[in-house]
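**Q** here you go, sequence then predicted model.
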Amino acid sequence: MNKEKILSALLVLLCWAGIQPVVAQIALSPSFVFIDGKSGVGDLYVSNKGDKPYEVSISFAFGYPSSDSAGNQVMNYSDSAAYKQFALDPMVRAFPRSFILAAGKQRTVRIQVVPGERKKEGFFYTRLKVMAKPQSTEVTETTVEGVSTKISFNFEQITAVFYHRGKVSTGIKVKKLDVTQVDTLLQIRSHLKPTGNAPFIGSMFAKLKDTKGSVLAESQGTTTVYFDVIRSMDLKIAGVPRGTYTLELSFETRRNDMIASDLVQAPPTVFEQPIVIR
């Protein structure tokens, strides 16, 4: 008698600065969901670009990007104190929560703040998980005589959902800057602290300047600061002569993947520190 070994493979995609699907079958738009402060509604568009139908389900899980001691970005899903203060989960609903998405079709998922919660002021957030499972498709491959393997692929994508109402503010403070030179690379670790009652969501810029203010090297990237965190950035300094320079870090509430009006705005923050290139 033939024996079958059933394997289920789960591919998980985490969203830090936007959604980059591992597979082309299921796509989400926009990359981040901002719920309108007046209507209490935001939309997520789920598209099936494959040739088979998918079973799609929506769920929420409170979490935010943090860091380890080395400045590597990690997700924190276990902060109960932050949940009580900032979690959008008890306030929000998704319609529909599950559906069949036919091949080549798109479905709008409406993310709505519960009417009774819309008077609450502050900044709230969560993570929205989209699980897509082939409706009835299995891939079967015979590995050895009498034994076959059936594999079904479930694809999970995660994006952030934000909602704010009333008086909200944000900002950033550089507590400390650790800089290490490795050959022609500066490894920058910024110890950051948010100010205000909303997380800082924006961009980080690093510039290496000489005594005349000329920029000899620069780098940039997106960043988020929900609580005290370490953010890392590398700066290439190939061709920069040995000597003493000024390392300038600046933080701005703007990103290419987000509309400016969706972001809580703050004046730019600039931090400078002398640095010796060996």
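**A** Sure, I can see it. Numbers count the residues shown, from 1 in each chain.
**Q** pLDDT weak spots in the stretch 1-150 of the chain?
**A** Low-confidence segments of the stretch 1-150 of the chain (pLDDT under 70): 1-24, 136-150.
**Q** mind listing the strands for it?
**A** Secondary structure of the stretch 1-150 of the chain, counting by DSSP state E, counting those that start in this stretch: strands at 3-13, 26-29, 33-35, 41-48, 54-61, 64-67, 73-76, 92-95, 98-101, 106-113, 122-134, 139-144, 147-165.
**Q** reformat these as a markdown table; add mean neighbour count and distance to residue 226.
**A** No exception for glycine: its C-beta is placed from N, CA and C like everyone else's. As requested, the strands of the stretch 1-150 of the chain are arranged in a markdown table below (neighbours: other C-beta atoms under 10 Å; distance: least, C-beta to C-beta, whole Å):
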| stretch | mean neighbour count | distance to residue 226 |
| --- | --- | --- |
| strand 3-13 | 11 | 20 |
| strand 26-29 | 18 | 22 |
| strand 33-35 | 22 | 16 |
| strand 41-48 | 17 | 20 |
| strand 54-61 | 18 | 15 |
| strand 64-67 | 20 | 4 |
| strand 73-76 | 14 | 8 |
| strand 92-95 | 16 | 18 |
| strand 98-101 | 15 | 30 |
| strand 106-113 | 16 | 20 |
| strand 122-134 | 20 | 8 |
| strand 139-144 | 9 | 40 |
| strand 147-165 | 18 | 11 |
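**Q** how about the ones you listed in a markdown table, adding distance to residue 240?
**A** Shown next, in a markdown table, are those (distance: least, C-beta to C-beta, whole Å):
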| stretch | distance to residue 240 |
| --- | --- |
| strand 3-13 | 37 |
| strand 26-29 | 41 |
| strand 33-35 | 40 |
| strand 41-48 | 45 |
| strand 54-61 | 44 |
| strand 64-67 | 28 |
| strand 73-76 | 27 |
| strand 92-95 | 49 |
| strand 98-101 | 52 |
| strand 106-113 | 47 |
| strand 122-134 | 40 |
| strand 139-144 | 52 |
| strand 147-165 | 37 |
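**Q** so residue 58 touches residue 98, yeah?
**A** Yes - with contact defined as C-beta atoms under 8 Å, residue 58 counts as touching residue 98 (7.0 Å).
**Q** got a list of what the residue lying closest to residue 188 once chain neighbours are set aside touches?
**A** Spatial nearest neighbour of residue 188, chain neighbours left out: residue 233 (4.7 Å); criterion: C-beta to C-beta, 6 or more residues apart in numbering. With contacts defined as C-beta atoms under 8 Å, 6 or more residues apart in numbering, residue 233 is in contact with 188, 190, 204, 206, 219, 221.
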